[in-house]
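1. from the sequence below, what's the structure:
(chains A, B and C)
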Amino acid sequence: MPELPEVETTKNGLLPHIKNKKVTAVNILFPTLRFQIPPHLKTSLVNKKLIDLKRRGKYLIFQFKNGDLIVHLGMSGKIKISKLIKYEKHDHFELIFNDITLRLNDPRRFGCVLWADNYNNHRLIKNLGVEPLSTLFDENYLFIKSDNKKTNIKSFIMNSNILVGVGNIYACESLFLAKINPLLSVNKVSKKQFKLLTKAIKTILKNAIKKGGTTLKDFANVDGELGYFSQELQVYNLENKKCNNCNNKILRIVQNQRATFYCKNCQN
DNA sequence: CACTAATCCTGGACGC
DNA sequence: TGCGTCCAGGATTAGT
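-> Numbering: from 1, shown residues only, chains lettered A, B, ... in the order given. Got it, this is the predicted structure:
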């Protein structure tokens, strides 16, 4: 479900509620996720103060003095500020502070809850590519990374070892904004196109964060409010609808086993 | 090495 | 109302 803007929205929603607060209890309700939730969290986090909450790619990093709690939301994970006493189906993990309870619910179980002494050294984090909203991400970076690669530009920008946070929705939307055909081999992408693309990715992600993310089926922020970027989508999930630029029909194809939406007329 | 396919899992939409 | 099929926001791993 969540790409960078949704994770960022979650982070921004949670942080003011939990910063500098002590964990009073941890409940592991259903440890089965992509990896088993480490049982020691139930005791090792109690009485520890949350120093900061960060985002790295699509990972949330809850920082404590004794280490980092790493959470990935997978396709269907949600963290809510819970006022409910009764648990719901697919609740997995609960982080309880004095006055507030965070609950992780993940029906498809592609998410994970991990522990690391330092998140930067964790095997799932240390090889991640650049943050798209950082100054390290520019056309030169993409150009260097694209060297000799024949893979298509869409899967290239979705490769988290190159660039983090861009999933299927924002890859489609960014390529549309940059007017680049998603099928184009990266070794044929010009420097000028890379410049347009980096700019488009930054613009799309920033705007999506501002709108509180994209709600397709059920994404909601920590207070249960929906994301409004879905109203601004230009191609994603809009097969056979008219392109806002040229009125041609938006196409749906499959690339690397993922749906791609684009306008053949505008993106070439 | 580079690229493709399979895989993990549940639930919602849709056709019959 | 129910059943079968397909599809979904991710990312690793196995295989060619």
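2. pull up the pairing partners for the helix or strand hosting residue A:254, direction included.
-> Secondary structure from DSSP states H and E places residue A:254 in strand A:251-255. With DSSP bridges as the test, strand A:251-255 is paired with strand A:258-262 (antiparallel).
3. can you tell me if the strand holding residue A:254 touches DNA strand B.
-> No: using CB under 7 Å from any atom of the strand, strand A:251-255 never reaches DNA strand B; the gap is at least 8.2 Å. Yep, even glycine has a C-beta here, placed from its N, CA and C like the rest.
4. pull that strand out as CSV, backbone CA atoms only.
-> The C-alpha coordinates for strand A:251-255 follow below in CSV (Å, rounded to 0.1, in the frame of the first residue of the first chain):
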residue,chain,number,x,y,z
LEU,A,251,-3.4,2.6,-21.5
ARG,A,252,-2.7,-0.2,-19.0
ILE,A,253,0.1,-2.6,-19.7
VAL,A,254,2.1,-5.0,-17.6
GLN,A,255,5.8,-4.5,-16.9
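5. what about stretch A:84-91, near DNA strand C?
-> No: applying CB under 7 Å from any atom of the strand, one finds stretch A:84-91 separated from DNA strand C by no less than 12.8 Å.
6. with only the CA atoms kept, save that stretch in PDB.
-> Provided in PDB are the C-alpha atoms of stretch A:84-91 (Å, rounded to 0.1, in the frame of the first residue of the first chain):
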ATOM      1  CA  LEU A  84     -10.200   1.000  20.800                       C
ATOM      2  CA  ILE A  85     -10.100  -1.400  23.600                       C
ATOM      3  CA  LYS A  86     -11.200  -4.300  21.400                       C
ATOM      4  CA  TYR A  87      -8.700  -5.700  18.900                       C
ATOM      5  CA  GLU A  88      -9.500  -5.900  15.300                       C
ATOM      6  CA  LYS A  89      -8.700  -8.700  12.800                       C
ATOM      7  CA  HIS A  90      -5.100  -8.500  11.600                       C
ATOM      8  CA  ASP A  91      -3.800  -6.500  14.500                       C
END
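7. any buried residues in it, and which?
-> Using 16 or more other CB atoms under 10 Å as the test for burial, stretch A:84-91 gives A:90-91.
8. can you tell me what sits against stretch A:181-189?
-> Stretch A:181-189 is contacted by residues A:142, A:146-154, A:156, A:171-172, A:175, A:180, A:197, A:253, A:255, A:260, A:262, A:264, A:267-268 when judged by CB atoms under 8 Å, 6 or more residues apart in numbering.
9. got it, and stretch A:85-93?
-> A:26-33, A:37, A:103-107, A:109, A:111, A:113.
10. for stretch A:45-58, same thing?
-> For stretch A:45-58, the external contacting residues (CB under 8 Å, 6+ apart) are A:2-4, A:7-8, A:11, A:14-15, A:18-26, A:60-66, A:69, A:72-73, A:95, A:97, A:119, A:125, A:128, A:131, A:160, A:164-165, A:167.
11. intersect those with the contacts of DNA strand C.
-> A:2-3, A:72, A:160, A:167.
12. just flag the most distant two among the residues you listed.
-> A:2 and A:160 (13.6 Å; CB to CB).
13. on that earlier part again, are any of the contacts of stretch A:45-58 buried, and which?
-> A:2-4, A:7-8, A:11, A:14, A:18, A:23, A:26, A:60-64, A:69, A:72-73, A:95, A:97, A:119, A:125, A:128, A:131, A:164-165, A:167.
14. I am finished for the moment; much appreciated.
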